[in-house]
Structures are given as C-alpha cells and as structure tokens.
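Visitor: 3D model of this:
(one chain, ligands or ions: 2)
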Amino acid sequence: MEERSAGTAADGKRARGRVGARATGGTPLVALSQVAAAPVARLQTGIGELDRVLGGGLVPGSLVLLGGSPGIGKSTLTNMALGNIAGAGHKTLYVSGEESAEQVRLRAERLQASALEVPVMAETDLDAVLDTIASHAPRVCVIDSVQTLRCGELSGAPGSVGQVREVAARIMDLAKARSIAVVLVGHVTKDGALAGPRVLEHLVDCVLQFEGERERPYRELRALKNRFGSTNEAGLFEMRQGGLVEVLDASARFVAEATHAPGSVVLAAMEGSRPLLVEVQALVSPSELEQPRRVVSGLDRNRLALVLAILGRHGGVGLGSHPPYDVFVNVVGGVRIDEPGVDLAIALAVASAAKGVALNGSPCGCFGELGLTGELRWVGHPERRLAEAARHGLSVVHAPAGSGQGAHEASTLRAALSVALPSGRTRPASVAA
Ligand code: TYD
Ligand code: MG
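Guide: Numbers count the residues shown, from 1 in each chain. Ligands and ions are numbered 1, 2, ... in the order given. Next up, the predicted model:
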C-alpha cells in the first residue's frame, strides 16, 4: 500500500477549466480530414537497430520509455545514441540521477569519441532538471532514470507511483511545448514488469524493452508500444568492450553454431518484419521429482506445456508419467521468441530429444503453429522464412500446408513427425532414457 495525495491545485484548475469550456459552447470540432498533420521529421540516433525499432528514429516532442533490468546496457545504449546525435551537430543532454558525472564519463570513454561531447547533469531534483532542460533547449534529452528524480511538492519517495507519474507528466509538458525528444530510462523488476514506470505506459508515446541475460552477450530491443511505428520490430545487439554492437548477421551465426545433435532444430522465426533463424534445443531426462521439471529459456513456459500436451495426445510422445521426465527447452543465444511459429520447433526438438536421435537432414529448419487437435497451422510470412532458411543453407524446412515452394509441408503434427524423425516411426515404443 502506498499513500498518495488526493490531488494538487493544478488538477483542480484543469477540472474547472473543463466545466468552463462547456458553458461557453466548447471547442469547435473539425473532421479528421481537416486536421493539419505535417509529416514527422525524425532524428536518427545513428544506431540502425534502435532507429528501426523506433520506427525510423526519434520523433521530436515524443516520450520514449526504455525499460530493462539493471546492467543490461540501458545507459550504454542511451550514451551511444546521444553521442551520435551530438556528433551530428545537435544539442543533447544526459541527466543522470543514478551515477555521478564522473561515472558517466568513465563509461563514455569506452564508447565512440563523440560520446564525450554530450553535456551531463547529475541531479535528482525535478525542478532543477526542468530548468536546465528549458534553458539549454536540447533536441534530445535522456533521463537516467525516471525513478531517481524527485518532485519536491509530493511527499512520496522517488520511484513511487505518485512521484514517477508526476515527474513524467511534468517532463512531458515541457518536451511537447519545446519539441524535445525525451528518453526516460526505467528499471524493471525480476519478473519482467516495468516497476513503477508501468503507470507511464499510457502516458508515453513509445515503450522499449531491452532484454537479454546479463551473463550472455546478446541483447534484444523490442517495442511494446509505439505511436509512431510498428510494435513487432526487434533489434539485436551484442555487448562488447567498446559498447553495444548491432548484430546484423544473427541468422548466419546461429545456424553456424547449431549442433546436429538429437534435440536440436533450427526455427525460422519472424522478428517483426525480419526473419531470424535460431536454434531451439531440448533435453529430456528421467526425473527424480514427483512433479517433473518443465524449464524454458527464451520461450513462454505455458507454450511448452501446451506443446507437450499436444505431443502426448496427437504425436505419440508422452513424457508425463511412469517414469516422469524432466523437459528443458532453450532458445540458444539468449534470444526470446514470442510468436506462434515456435510450436513446431518445440515439438520437433522435444520429440528428437525424447527418441535420442537427430532429425533427418539435421540441421533442419521448421516453423508452424500447433492446434489443440494436433493440426499444423499456417503462420505469417512463410515465403520470407523459407528464403532466409535457403539463404543459410538449410535444405529441409518443415512447415504447415500452404507455406509454398521449397517447404516440406505437413498438415498435422503427426505427419511432420513422421517425415522429420528417422525411420518414420511416429510412435516411439518408449522414451530413450
Ligand atoms: P549499463 O549501460 O550501465 O547498464 P544499465 O544502465 O542497463 O544498468 O552497462 C551494463 C554493463 O555493460 C556493465 O556491466 C558493463 C558492460 N559494458 C561493457 O561490457 N562494454 C562497454 O563498452 C560498456 C560501456 C559497458
Ligand atoms: Mg544505468
């Protein structure tokens, strides 16, 4: 529970203003076709993957919320973007409420040279920050992080719901009035929700999520909301010595690293409008627990449960009882896959692991959604997935019916299993231990 004040004087004024407007006949209305809409001029950050996820660059006067767990690289990404923008001759400002100016400098020293040109302000008082933004008038301003700023008029601690909302609302008013693009950095709790800033998702124009595992080099940037672009886009980065590097040949790398072992299959996934080949691995082993483990990484856990149920019921691969089996499924490289086409990859990887045999023609590719009655369903952009697979030398790609030329099509899970697994047996007598 958190105490919040019932409302400020400004709220009251706004409410009275509304009543007054009604009394005088209100605002004249115009049809949408008459509303003036100039094309948005975007400001490139110089980081291709970031610009693509943003929908083509930062929009002046817009608010972007960048969320991610600590240490993932939010400060590094924003430092690099500001450095590029400063290098292109635009005014920038980096407000750090977490680190001292010295610490920010030390990070910037590891990045490109122009990162050191960015003016930095280490401050947590909202009024001081707003004054500086107003007088310095940058084109782009980064607030790292929104949870550390404090509005003196409210009593709550920095980072509390009331504070975060007020801080963001005041910054937004200024940003819209002066056409400043603002990036608010926000922290994320362990379970992945934007802590505190969750309340900001309605307010801001764009919500970006930076994810990955801290121990692994790959980082993925996704748009969860974007008023100026698609929310399907994702960008892939790698954390290196000199900062974040865009990964442009991700498919090639993942395919080259793919094992030809039992339990491995390559998924031809779609990351927004871009195809991406990733290896999905499964391990099946007898469990010592009464409740066998179902462990996933890079996937939704419920998705695995669903696919296992369909595999048991319609594919003849039961892993539930006598003895129970632990099932582990991993998307290699720390990438997260959030699309229905992953179902067939999970099913093939688990079936191959359970039988202890590699799939025919391994490494082979696949994509497709599984229905509850065991049918293999069509998923979007089969031609792009197939082209990507062909480009990286995968000659066998299992896919739903209607996917087009070059696919090994199947209309049910059972049919796909019988083609993909050696010896054509669709019902293994027993799971290989
Ligand atoms: P940081 O951007 O500070 O993360 P966040 O702001 O999301 O908390 O940096 C994350 C990690 O990246 C940090 O542990 C150090 C590492 N790092 C590199 O490996 N190379 C680099 O060039 C930089 C700047 C950081
Ligand atoms: Mg940081």
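Visitor: mean confidence for stretch 227-236?
Guide: Stretch 227-236 carries an average pLDDT of 85.
Visitor: oh sorry, the question was meant for stretch 159-170
Guide: pLDDT averaged over stretch 159-170 gives 89.
Visitor: now do stretch 372-392
Guide: 95.
Visitor: next one: stretch 203-220
Guide: Here the average pLDDT along stretch 203-220 is 86.
Visitor: Pull out the buried residues from it.
Guide: 203-212, 217-220 (16 or more other C-beta atoms under 10 Å). For every residue, glycine as well, the C-beta is placed using N, CA and C.
Visitor: Nearest to Phe367 among these?
Guide: Within the buried residues of stretch 203-220, proximity to Phe367 (C-beta to C-beta) peaks at Glu220, which comes in at 19.0 Å.
Visitor: Show me what the closest one is bridged to.
Guide: Using DSSP bridges, the bridge partners assigned to Glu220 are Glu211, Leu236.
Visitor: Tabulate the buried residues of stretch 203-220 (CSV), appending distance to Glu109.
Guide: Converted to CSV, the buried residues of stretch 203-220 look like this (distance: C-beta to C-beta, whole Å):
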residue, distance to Glu109
Leu203, 34
Val204, 31
Asp205, 32
Cys206, 29
Val207, 30
Leu208, 25
Gln209, 28
Phe210, 22
Glu211, 26
Gly212, 24
Pro217, 21
Tyr218, 24
Arg219, 21
Glu220, 26
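Visitor: for the closest residue to Gly229 other than its chain neighbours, what are its contacts?
Guide: Leaving aside its sequence neighbours, Gly229 sits nearest to Gly55 (C-beta to C-beta, 6 or more residues apart in numbering; 1.8 Å). Counting by C-beta atoms under 8 Å, 6 or more residues apart in numbering, Gly55 touches 42, 223, 226, 228-230, 233.
Visitor: near ligand 1, which residues of the protein?
Guide: 68, 70-76, 107, 110, 239, 241-243 (C-beta under 6 Å from any ligand atom).
Visitor: And those residues, which of them are buried?
Guide: Members of the residues of the chain next to ligand 1 classed as buried by 16+ other C-beta under 10 Å are 68, 72-76, 107, 239, 243.
Visitor: Who are the packing partners of the helix or strand Glu388 falls within?
Guide: Taking DSSP states H and E as the criterion, Glu388 maps to helix 382-391. Packing contacts for helix 382-391, counted by 3 or more C-beta pairs under 8 Å, 6 or more residues apart in numbering; DSSP states H and E, involve strand 264-271, strand 274-286, strand 397-400.
Visitor: Work out the gap between the last one and the centre of the chain.
Guide: Relative to its chain's centre, strand 397-400 lies at 26 Å (C-alpha atoms, centre = their mean, to the nearest Å).
Visitor: Can you tell me what sits against whichever helix or strand comes after it?
Guide: The C-terminal neighbour of strand 397-400 among helices and strands, as given by DSSP H and E, is strand 408-410. Applying C-beta under 8 Å, 6+ apart, the external contacts of strand 408-410 come out as 376, 396-403, 416, 419-420.
Visitor: neighbour-wise, which of these leads?
Guide: Within the contacts of strand 408-410, His398 tops the neighbour count with 29 neighbours, counted by other C-beta atoms under 10 Å.
Visitor: Determine how far the last residue of stretch 39-58 lies from the first.
Guide: End-to-end span of stretch 39-58 (C-alpha to C-alpha, to the nearest Å): 13 Å.
Visitor: same deal with stretch 116-129?
Guide: With C-alpha to C-alpha, one end of stretch 116-129 sits 20 Å from the other.
Visitor: With stretch 108-124 instead?
Guide: One end of stretch 108-124 sits 20 Å from the other (C-alpha to C-alpha).
Visitor: ok, and for that stretch, which residues are buried?
Guide: 108, 111, 114-115, 118, 120-121, 123.
Visitor: now it: how far from the chain's centre is it?
Guide: Per C-alpha atoms, centre = their mean, the centroid offset for stretch 108-124 relative to its chain is 26 Å.
Visitor: One more: stretch 412-419?
Guide: 32 Å.
Visitor: what does that stretch contact?
Guide: With contacts defined as C-beta under 8 Å, 6+ apart, stretch 412-419 is touched by 310-311, 314-317, 344, 347-348, 351, 360, 366, 368, 370, 374-376, 398, 408, 410, 424-426.
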